[in-house]
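Undergrad: no FASTA, just this:
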């Protein structure tokens, strides 16, 4: 067990305004704060200054004058002061307006270098009437959520084998779209409840339903446990799976709620549609569920008030796609609903397994954490796309983490767990379809399928037999359908580099060639670092000309493990071609780590 932060008293680094704003005076303050922080780690003393966006030069300054200064009361005086300081520094300074706090907003003009900005800041700091001067920073939407277990969701964000989901969130979260999860129903979970809307229980056979009745408007999952031989001779017994709840969490778990996990399309709604119970579920119930979920009419069932634009079916069986099932799917697609299905877990050609072999569906194969076809996943020419499904044989953390229940037979307390399967891959694609439909409501099911496939990237690992168009890329796909600038080529390094404890910085290079012009203003830097105390780490991206862009500062309060995320950097001033480096340093004692891999996506 690791020592607590209070005992270890690691270094708290001081966050600077930016390289442009570092002066001798602020450096002295930083040194004093650093010394104080060494003695006050347990108290987690905050620093007063904040960072400008990485790689940017300030265009405006916010100047706070002391209460007795004329500039604090008079716009004319503040304007005259800006002009005077501009004359002193040789810059064209302009008072823009008074902020609600009384501070002055001062424009710095155009084409200032960092040195120019530093000179202006120094001029203001030397004025005894100035209380503070800070950059007017540009803020952008922050996609990384605050869910406590988000770091466990490698499938969303890891550079090598994740689906690049966070890059899509600034554009779409799935708002306005309902996804029908046709599965075992829903067991109450607080991390899903905000996104659950009415569904239906379509299980007609009471021996399968377990809940004591037939079809009704309550899709609650009572549990699908069974005894040995109960579902067929030689079939061992099993506890309840809460399968539908796990699938639903991947699609649309509540996000940025300070708990649990993040959903792929966390702005979407989930309509739980129950078709699977003890020992499985019948085609007849599934066909009616597809019809009703997509807005069709089913005799004896009330009209659906939450028509789904996406259907997720993480289920399947052996044999050909029957005319009856295909007819229901075709009708749903004609009503404008995208149908996403699991390819199956038999390590077999999907052609022999329904509904993964049906037409008019998006058939999904599963990949593991290295980006190769998961050993269990079906394959073949009928597979459309691959998505993370996990593989837990080398550790549960390599599965897909989602919402669950702790009950072995009947519902108990809510929980989370790692599962693996094409059942887990499918909701990633259903969530992506919801993101796309929300971003551009006019998209048809055919256009959604085409865009997902045409914007996929090659599998990082091996697949024999056919894994569709590749590994789905959520950010690239959503940008493509909204007319944004799609991401381009990904350059990566998979050579592991040890990060020594409290040692010198280590660097890992990537050579970029064949690009035209400068790097993009949203260069994506995927980072995968194993470390037992990530707060110690300082991470920089070093451009070919040696310019460094701070991706992560050290943090005395961040005691979590590992860094597996994607950063976005405005590198538009840098030539794209050349050798880029990721620089990683452990700033305090007692922990070691390893840079596993990293990537640049242009």
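TA: In hand now; what should we look at? Given the structure is predicted, the values throughout are model-derived calculations rather than measurements.
Undergrad: Give the full set of residues in contact with residue 180.
TA: Applying CB atoms under 8 Å, 6 or more residues apart in numbering, we find residue 180 in contact with 199, 270-273, 289, 293-294, 308, 310-312. (Glycine included, C-beta is placed from N, CA and C.)
Undergrad: same question, residue 228
TA: 235-237.
Undergrad: now it, what's its secondary structure?
TA: Recorded secondary structure, residue 228: coil (DSSP: H, G, I helix; E, B strand; the rest coil).
Undergrad: per the record, what domains does the chain have?
TA: For the chain, automatic domain parsing gives the domain ranges 1-52, 60-135, 150-223+233-438+445-481, 488-602.
Undergrad: start to end distance for the third one?
TA: From its first residue to its last, domain 150-223+233-438+445-481 covers 27 Å (CA to CA, to the nearest Å).
Undergrad: Quick one: mean pLDDT over it.
TA: For domain 150-223+233-438+445-481, the mean per-residue pLDDT is 95.
Undergrad: how about TSV for the contacts of residue 228, with secondary structure and distance to residue 463 added?
TA: Output for the contacts of residue 228, formatted as TSV (DSSP: H, G, I helix; E, B strand; the rest coil; distance: CB to CB, whole Å):
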residue	secondary structure	distance to residue 463
235	coil	30
236	coil	30
237	coil	34
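Undergrad: Among those residues, which one lies nearest to residue 544?
TA: Set against residue 544, the nearest of those by CB to CB is residue 236 (58.5 Å).
Undergrad: Can you tell me the closest non-neighbouring residue to the closest one?
TA: Closest residue to residue 236 apart from its sequence neighbours, by CB to CB, 6 or more residues apart in numbering: residue 228 at 5.2 Å.
Undergrad: same question, residue 93
TA: Spatially, and ignoring its direct neighbours in sequence, residue 93 is nearest to residue 86 (3.5 Å; CB to CB, 6+ apart).
Undergrad: ditto for residue 528
TA: residue 596 (4.4 Å).
Undergrad: those helices in this structure, which residues are they?
TA: All helices of the chain, identified by DSSP state H, fall at 5-8, 24-39, 75-89, 114-125, 154-157, 206-209, 243-252, 283-293, 323-334, 422-439, 445-454, 474-481.
Undergrad: okay if I get the ones you listed as TSV plus mean neighbour count and distance to residue 567?
TA: Conversion of the helices of the chain to TSV gives the following (neighbours: other CB atoms under 10 Å; distance: least, CB to CB, whole Å):
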stretch	mean neighbour count	distance to residue 567
helix 5-8	14	24
helix 24-39	14	23
helix 75-89	17	33
helix 114-125	19	21
helix 154-157	26	10
helix 206-209	16	48
helix 243-252	30	24
helix 283-293	23	38
helix 323-334	18	39
helix 422-439	30	21
helix 445-454	19	25
helix 474-481	25	13
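Undergrad: Quick one: the ones you listed as CSV, columns for distance to residue 540 too.
TA: Below are those laid out as CSV (distance: least, CB to CB, whole Å):
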stretch, distance to residue 540
helix 5-8, 24
helix 24-39, 18
helix 75-89, 30
helix 114-125, 16
helix 154-157, 20
helix 206-209, 58
helix 243-252, 33
helix 283-293, 49
helix 323-334, 48
helix 422-439, 31
helix 445-454, 34
helix 474-481, 23
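Undergrad: Please identify which of these is closest to residue 386.
TA: Proximity to residue 386 (CB to CB) singles out helix 422-439 among the helices of the chain, at 7.0 Å.
Undergrad: Next, the angle from the closest one to helix 243-252.
TA: 40 degrees (axes from the mean of the first three to the mean of the last three CA atoms, to 10 degrees).
Undergrad: ok, how many other residues are close to residue 356?
TA: Neighbourhood size, residue 356 [other CB atoms under 10 Å]: 31.
Undergrad: Would you check that it makes contact with residue 346?
TA: No: using CB atoms under 8 Å as the test, residue 356 is too far from residue 346 to be in contact (9.9 Å).
Undergrad: Touching both of these two, which residues are there?
TA: Counting by CB under 8 Å, 6+ apart, the residues touching both residue 356 and residue 346 are residue 378.
Undergrad: before we move on, back to that, list only buried entries from the contacts of residue 228.
TA: Neighbour counting by 16 or more other CB atoms under 10 Å classes none of those as buried.
Undergrad: ok, so of the residues you listed, who is nearest residue 339?
TA: Proximity of the contacts of residue 228 to residue 339 (CB to CB) peaks at residue 235, which lies at 28.9 Å.
Undergrad: Isn't the closest one up against residue 278?
TA: No: using CB under 8 Å, residue 235 makes no contact with residue 278, being 11.9 Å away.
Undergrad: And the residue nearest to the spatial centre of the chain, how far from residue 313?
TA: Taking CA atoms, centre = their mean, the centroid of the chain lies closest to residue 166, which sits 3.1 Å from it. Per CB to CB, to the nearest Å, residue 166 is found 26 Å from residue 313.
Undergrad: just to revisit the earlier point, who are the contact partners of the residue nearest to residue 93?
TA: 92-94, 120.
Undergrad: Over to residue 106?
TA: Going by CB under 8 Å, 6+ apart, the list of residues near residue 106 reads 60-63, 82, 93-96.
Undergrad: Across the sheet, point out what pairs with it.
TA: Residue 106 has these beta-bridge partners by DSSP bridges: residue 61, residue 95.
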